[in-house]
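1. I would like the atomic coordinates for the input below:
(one chain, ligands or ions: 2)
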Amino acid sequence: MHALIIVDIQYDFLPNGSLAVPLGDEIIEQVNRIQQDYDLVVATQDWHPAGHKSFASAHAGRKPFEIIDLNGLEQVLWPDHCVQGSAGAELTDLLDTHRVEAIFRKGTNPEIDSYSGFFDNGKRKNTGLTGYLRDRDVTTVSVCGLAADYCVYFTAMDALEQGFDTYIVEEAIRPIDASGYRDKRATFLQRGGKLR
Ligand code: VGL
Ligand code: ZN
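-> Ligands and ions are numbered 1, 2, ... in the order given. The predicted model follows:
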């Protein structure tokens, strides 16, 4: 079974959102079109409590995109985004969710960020996604969504590590930073990841 994981297609990552991914809206049409090619479709949703420590606003004197040490992990500080219950945290209405069987939320612990749909950034807690996919006899996953260089990349790397045959769907991702994505893409390919 081959699953599609749709990562974080939420208003805050789309144009006019608080952490807008350049041209992020361009992928929605592709994501809607490709869902029919998969046996199972799931999604992830970035879902932070207000005051989450990944927000620059939670650290006096810090600005978005600065890097700090957060509980022993390197942390990029972000603008406030995907706050639980806010409009910006909703999956866009333009996304066709008829085939989305489950939505895995992440980033709920205020002390640790969570880019991957599988684990938080410290690999302390898993979301249940691996177990869900294995229960459904999934052996292959394809990852699409936002942002290519953060949540898509880390989800794809964890999928590989969990033993899934893993693809990134390049027509259906957009990065926050294109040069950052190029390096991460190389790492993904080196570890046995594939593109489609
Ligand atoms: C993301 C930064 C912070 C993402 C989420 O969805 O790629 N990036 N939180
Ligand atoms: Zn986030």
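
2. Contacts made by stretch 149-161 with the rest, please.
-> Contact with stretch 149-161 is made by 5, 7-8, 44, 46, 115-119, 121, 141, 143-146, 166-168, 173, 175-177, 180-181, 184-185, 187-188, 191-193, as judged by Cβ atoms under 8 Å, 6 or more residues apart in numbering. C-beta: built from backbone N, CA, C; applies to glycine.

3. So is stretch 151-161 next to ligand 2?
-> No: using Cβ under 5 Å from the ion, we find that stretch 151-161 stays clear of ligand 2, coming within 7.6 Å at best.

4. restrict the contacts of stretch 149-161 to those near ligand 1?
-> Contacts with ligand 1 within the contacts of stretch 149-161, counted by Cβ under 6 Å from any ligand atom: 8, 46, 115, 146.

5. Show me those that map onto strands.
-> Of these, the ones assigned to strands by DSSP state E are 46, 146.

6. now for the ones next to ligand 1 among the contacts of stretch 149-161, which pair is the farthest apart?
-> Greatest spacing in these, by Cβ to Cβ: Tyr115 and Leu146 (11.3 Å).

7. between these two, which one's more packed in?
-> Neighbours were counted for Tyr115 and for Leu146 using other Cβ atoms under 10 Å; Leu146 has more, 31 against 26.

8. Report the beta-bridge partner residues of that one.
-> Taking DSSP bridges as the rule, Leu146 bridges to Arg174.
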